[in-house]
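Asker: Any chance you could fold what I've pasted below:
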Amino acid sequence: MTSRRKFLFAGATALAAPVALHGAGAQATESAEGHPAVKAAVSKLPPQGTILLEDSGSGVSRDYFQYTLKVKWKGSFQGALLGAQTGNGATTVRIPLSGAPETLVLRTKSSWANVYSRESGRAPSLEVKYTDSSSAILACQADATIDPSTTKPMGADTRLQLGVAVLRFAVPAKPVASAALVFQTINTGGSVTFEAYQFLSPILPEPSPVYGLRARGLAGPTLIEATDFNKPNWWHPWFRMLSMMPSAQTVASLLVDRDLDTLAPLDRKAILVETRPAGFPPQTGFPESAAYMFPKNLGKELDEVYFQYRLRFGEGWRGGSMQSGKLPGIASDTSMAGNGGGTANGKNGWSFRGLFVGEPMAASSPYNSNNGVVPIGWYTYNPDQIAEKQLYGLHLPWTGRGSLGLIEIGKDYWIDQYVKVNTPGKKDGIVRAWINGQLAYERTDHVMRDVGPYQVPGNLAIQKVWMTFLHGGDINPLPTKILRTYWSDWTIATEYIGPPAAAASKPPTISIVAPQEGANPPAGVAFPFDVSAMPGGSSISKVDFYRDGALIGTDTSAPYGMSVTGSAVGKHVLMAVVTDSAKNVVYSNPVHMMVGTPVNVPPTVTISAPVANSTYSPKASVGIRAFVTDDESVSKVMFYINSMAFATFMGTKSPYSSAIGGMPPGNYTLKVVATDNKGLTSSATTNFKIA
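Answerer: Residues are numbered from 1 along each chain as shown. Down below sits the predicted model:
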């Protein structure tokens, strides 16, 4: 984003515009969620409760499970070994599996291989045989190389370059008796062992909703402001300068009581913001960004505050724009920094505004407006910019906890924000965000301010709640549809606000009764997977049972449980999910277990630098980089040049890297030897030349 502007409903051509006509007289006979356009939107969404592995240009990469949404890997994504098979040259490889995991890891051992990917037209597949003796071929939904040499997603390539790759397949329609992973190789580095492993997703469970001030009636000494659009002069706390006061006509044109895309009632008055495509006349809106200025309204700045608003993206957002932009948020004095390219350094200003994510989301990604969702998060100016070398604001999407952070087009959401500025000189700033009462983002070590030479009001405490909404600078390209956004329920307090808590919205509870954490059932023996599920305000519809992220069973009547068979020897993670008739979805805490006694295997060593048979000048410094993985842990890694040891690393901290220079001309062999915690070793070699 490259905005240097501070206005809200933009007085510039092609930026956000209100409309004068609200569809008066049109009859809306259906609720918003029951409207056909909204039903069609929801039917195209990815499965709820998670973010799926995807292979677009904004999908999986070396550092991120989801590159554009900034969902980082949390440790290894490789679980237990599922099966292995050897291959040599261009051939078809078939790896027998005990089950049909939705996502798995494919890697090579002892050498490299190139495999046809989904984009080549010769996609890998899962051949499954169901327990009723029928069979099916499950198509590959996504596949990508995890290349240690680049930070960019590799999912759009027509080949998988192994090393390591991740693959996702269609979900089986029925219980599976047996399966096999089938793929075609392009070429290999000789005889290669292909191994399929369980995939460990970094997506955390969605937390249960939390209720607060709004559920108790939105009153009391902790309430600072609750803007009622029905009240005369409601805008006064947000526009304290006479030159900024909107006209009565402007205010009237901004307020609507229905969704103008579907004509469904909103059940409230809301501020309408429109961003228009080319050919539409210029519009008028508020003369400047609305902002609740604490010094002007309360006579002081604050060190911490809660802020809430209600948000809906209209149907025009579906494919109407691929841009990113700003939503409301919390800020210090920003006259020196904190917006418009004014980089925050801890001494000059900061801001935590909201964000909607569009560009550079790949058009083929399921997580963009074409597919009915708008990801949201923070757009922040804070001293992290310096480390990230980012002139404009950092993007911090609220993703990684179930499907939180993915706002469905045409639906209402309660957005809560909390900022507590750090003590000058300490890393104790707190930033949190909730969506419909569910914690979507939390960090407790932010730095917003420090003691410095600038005399900024309040030493960079909280000065305002800033109601900005814009794409950033002039929108280019312009949207192809009218983008309508609806805001309401602007609320500020000194305690958590949260969503309304009607009895029917109270979620159920669920916990795993058996097996217990750390259980170690024997291999080949069925074990019970039982849960305790209690209804909240609505009856329970079903309980889904997951092993390593894959659905293995569903129970629709109490007591809830199933018998688990076919678990491979090794580590597993169990989780259960309860859904009630009000569509509340609640996740249990995960239970980690070990099936049988796994056979220890040697480490896997992959050298990414120097590239095989590369040539360097005598004055060059040769960078060395090796990736080592093990089923348990790595205790030691040693680098050898022509059999002479020159670097030793203790412990697990892959990748391992070093450099060597000043070598005379000649041919050299690099050997990397890794030892695991059980004393097993393995190695890899590569050749290079100094000439």
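
Asker: you'd agree residue 252 is in a helix?
Answerer: Yes: assignment of residue 252 by DSSP: H, G, I helix; E, B strand; the rest coil places it within a helix.

Asker: Report the separation between it and residue 148.
Answerer: 59 Å (C-beta to C-beta, to the nearest Å). Where you see a C-beta, it was placed from the backbone N, CA and C, and this is true even at glycine.

Asker: Tell me how many other residues surround residue 387.
Answerer: If you count neighbours by other C-beta atoms under 10 Å, residue 387 ends up with 8.

Asker: likewise residue 156?
Answerer: 16.

Asker: Hmm, residue 60 and it touching each other?
Answerer: No: assessed by C-beta atoms under 8 Å, residue 156 is found out of contact with residue 60, at 11.1 Å.

Asker: before we move on, back to that, between residue 252 and residue 148, which one's more packed in?
Answerer: Neighbours per residue (other C-beta under 10 Å) separate residue 252 from residue 148, with residue 148 holding more: 18 against 12.

Asker: I figured the more buried one hits residue 62, correct?
Answerer: Yes: taking C-beta under 8 Å as the definition, residue 148 is a contact partner of residue 62 at 6.0 Å.

Asker: any idea which element residue 510 lies in?
Answerer: strand 509-514 (DSSP states H and E).

Asker: so after that strand, what's the next helix or strand?
Answerer: According to DSSP H and E, the helix or strand after strand 509-514 is strand 527-534.

Asker: For that next one, give me every contacting residue.
Answerer: Identification of contacts with strand 527-534 by C-beta atoms under 8 Å, 6 or more residues apart in numbering yields 508-515, 519, 521, 540, 543, 545, 553, 558-564, 567, 574, 576, 578, 588.

Asker: Can you give me the distance of residue 515 to residue 527?
Answerer: In terms of C-beta to C-beta, residue 515 sits 6 Å off from residue 527.

Asker: quick one: common contacting residues for those two?
Answerer: residue 521.

Asker: Looking at these two, which has the bigger crowd around it?
Answerer: For residue 515 versus residue 527, neighbours defined as other C-beta under 10 Å are more numerous around residue 515 (20 against 17).

Asker: what's the nearest residue to the more buried one if we skip its chain neighbours?
Answerer: Distances taken as C-beta to C-beta, 6 or more residues apart in numbering place residue 593 nearest to residue 515, at 5.5 Å, with adjacent residues excluded.

Asker: Check residue 484 too.
Answerer: residue 314 is the one closest to residue 484 (C-beta to C-beta, 6+ apart), at 3.4 Å.

Asker: Pull the contacting residues for that neighbour.
Answerer: 259, 260, 261, 409, 410, 482, 483, 484, 485, 486.

Asker: helix, strand or coil for the second one?
Answerer: Looking back up the chat, that one is residue 260. Here residue 260 is coil, with the state taken from three-state DSSP.

Asker: Tell me if I'm right that it and residue 483 touch.
Answerer: No: applying C-beta under 8 Å as the test, residue 260 and residue 483 come out as separate, 11.5 Å apart.

Asker: Which of the two has more residues huddled nearby?
Answerer: The neighbour count for residue 260 versus residue 483, taken as other C-beta under 10 Å, is higher for residue 483 (26 against 21).

Asker: For residue 517, see how far away residue 561 is.
Answerer: 17 Å.

Asker: Which residue of those two possesses the greater neighbour count?
Answerer: Applying other C-beta under 10 Å to residue 561 and residue 517 shows that residue 561 carries more neighbours, namely 20 against 11.

Asker: For the residue nearest to that one when sequence neighbours are not counted, the count of nearby residues, please.
Answerer: Sequence neighbours aside, residue 530 is the residue nearest to residue 561 in space, at 3.7 Å (criterion: C-beta to C-beta, 6+ apart). Residues contacting residue 530 under the criterion other C-beta under 10 Å number 17.

Asker: Repeat that for residue 414.
Answerer: Neighbours around residue 414, by other C-beta under 10 Å: 21.

Asker: can you tell me the helix or strand for it?
Answerer: Using DSSP H and E, residue 414 falls in strand 413-420.

Asker: who does that strand touch, helix- and strand-wise?
Answerer: strand 304-313, strand 325-331, strand 351-356, strand 429-435 (3 or more C-beta pairs under 8 Å, 6 or more residues apart in numbering; DSSP states H and E).

Asker: which stretch among those comes nearest residue 175?
Answerer: Among the helices and strands packed on strand 413-420, the nearest to residue 175 by C-beta to C-beta is strand 429-435 (34.8 Å).

Asker: Would you mind checking the average pLDDT for the closest one?
Answerer: What strand 429-435 shows for mean pLDDT is 97.

Asker: quick check, residue 296 in a helix?
Answerer: Yes: using three-state DSSP, the assignment for residue 296 is a helix.

Asker: confidence score at it?
Answerer: Note on residue 296: pLDDT of 91.

Asker: again, but for residue 231
Answerer: Per-residue confidence (pLDDT) for residue 231: 87.

Asker: swap in the one 10 residues further on?
Answerer: We note a pLDDT of 66 for residue 241 in this prediction.

Asker: Do I have it right that residue 512 meets residue 576?
Answerer: Yes: using C-beta under 8 Å, residue 512 is in contact with residue 576, at 5.9 Å.

Asker: Neighbour count: these two, which is higher?
Answerer: Neighbour count, other C-beta under 10 Å: between residue 512 and residue 576, residue 576 has more, with 28 against 20.

Asker: tell me which residues form a beta bridge with that one?
Answerer: Following DSSP bridges, residue 576 is listed with bridge partners residue 545.

Asker: Same check on residue 88?
Answerer: With DSSP bridges as the rule, residue 88 is bridged to residue 191.

Asker: Please name the residues that touch it.
Answerer: Contacts of residue 88 by C-beta under 8 Å, 6+ apart are 188, 190, 191, 192.

Asker: residue contacts, the first one?
Answerer: Under the criterion of C-beta under 8 Å, 6+ apart, the contact partners of residue 188 comprise 87, 88, 89, 108, 111, 112, 113, 114.

Asker: got it, and the last one?
Answerer: Residues near residue 192 by C-beta under 8 Å, 6+ apart: 86, 87, 88, 108, 109, 110, 111, 112, 113, 162.

Asker: Same list (the contacts of residue 314) but as TSV, adding distance to residue 418.
Answerer: Putting those into TSV (distance: C-beta to C-beta, whole Å) gives the following:
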residue	distance to residue 418
259	29
260	32
261	32
409	26
410	27
482	33
483	28
484	28
485	23
486	23
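
Asker: separation between the residue most central in space within the chain and residue 168?
Answerer: For the chain, residue 399 is the residue whose C-alpha lies nearest the centre (C-alpha atoms, centre = their mean; 3.2 Å). Applying C-beta to C-beta, the value for residue 399 to residue 168 is 17 Å.

Asker: Check residue 554 too.
Answerer: 21 Å.

Asker: Which of those two has more residues huddled nearby?
Answerer: residue 168 (21 against 13).

Asker: Phi and psi next, for that one.
Answerer: Residue 168 adopts backbone torsions of phi -120, psi 140, taken as degrees, to the nearest 10.

Asker: List the contacts of it.
Answerer: 52, 53, 54, 102, 103, 140, 141, 142, 143.

Asker: try 10 Å
Answerer: 52-55, 60, 101-104, 118, 140-144, 199 (C-beta atoms under 10 Å, 6 or more residues apart in numbering).

Asker: now do residue 440
Answerer: 206-207, 376-377, 397-402, 404-405, 415-416, 432-434.
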